[in-house]
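how would this look folded up:
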Amino acid sequence: MSKKYDKMVIWPVYIDSERTRGAGRAISRRHAITNPKSDEILMAALEMNLEPELERDKCYPKQWWDKKGRVLVLKKGSKNSVLREIARAIKSIRG
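Below is the predicted model of the structure:
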């Protein structure tokens, strides 16, 4: 992949409420969701007009054996605020 400075990487572990901060969670447990999928992140990012790109064959470096994929999205605000908005959108998609 070429370097894209206008994109940020979103790993599912960043918004997983089952993970600890040391294991990769980037937002508070209160805002996080259980067992997020990269497809759900893609759908939420599409709703938010973040021009997402799904890379299914990638794995989070701390969990190199688990290929859950990652999503590249446009940088619109801080990473933390984008992650919280994505988690909120997934909660509304799930119902």
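
run the chain-centre distance for the lengthiest helix in the chain.
In the chain, assigned by DSSP state H, the helix with the most residues is helix 79-94. Remark: helix 79-94 is offset 9 Å from the chain centroid, using CA atoms, centre = their mean, to the nearest Å.

for it, buried residues please.
Val82, Leu83, Arg84, Glu85, Ile86, Ala87, Ala89, Ile90 (16 or more other CB atoms under 10 Å). The C-beta positions use only the backbone N, C-alpha and C, and glycine is treated the same way.

contact partners for the fifth one?
By CB atoms under 8 Å, 6 or more residues apart in numbering, the contact set of Ile86 is Ile10, Ile15, Ile41, Ala44, Ala45, Met48, Val73.

in helices, which of the residues you listed fall?
Using DSSP H, the contacts of Ile86 in helices are Ile41, Ala44, Ala45.

now the last one. Nearest residue, chain neighbours left out?
Once flanking residues are discounted, Ala45 sits nearest to Pro52: 3.7 Å by CB to CB, 6 or more residues apart in numbering.

counting neighbours, what do you get for that neighbour?
21 (other CB atoms under 10 Å).

pretty sure it is touching Ser38, no?
No: using CB atoms under 8 Å, Pro52 is not in contact with Ser38; the gap is 9.7 Å.

any residues in contact with both of these two?
What both Pro52 and Ser38 touch, as defined by CB under 8 Å, 6+ apart, is the set Val71.

which stretches of the chain form strands?
7-10, 53-55, 70-74 (DSSP state E).

any idea how far Ile90 is from the closest residue to Lys67 other than its chain neighbours?
Once flanking residues are discounted, Lys67 sits nearest to Cys59: 4.6 Å by CB to CB, 6+ apart. When distance is defined by CB to CB, to the nearest Å, Cys59 is 20 Å away from Ile90.

again with Leu46
Noted for Leu46: a distance of 12 Å to Ile90, by CB to CB.
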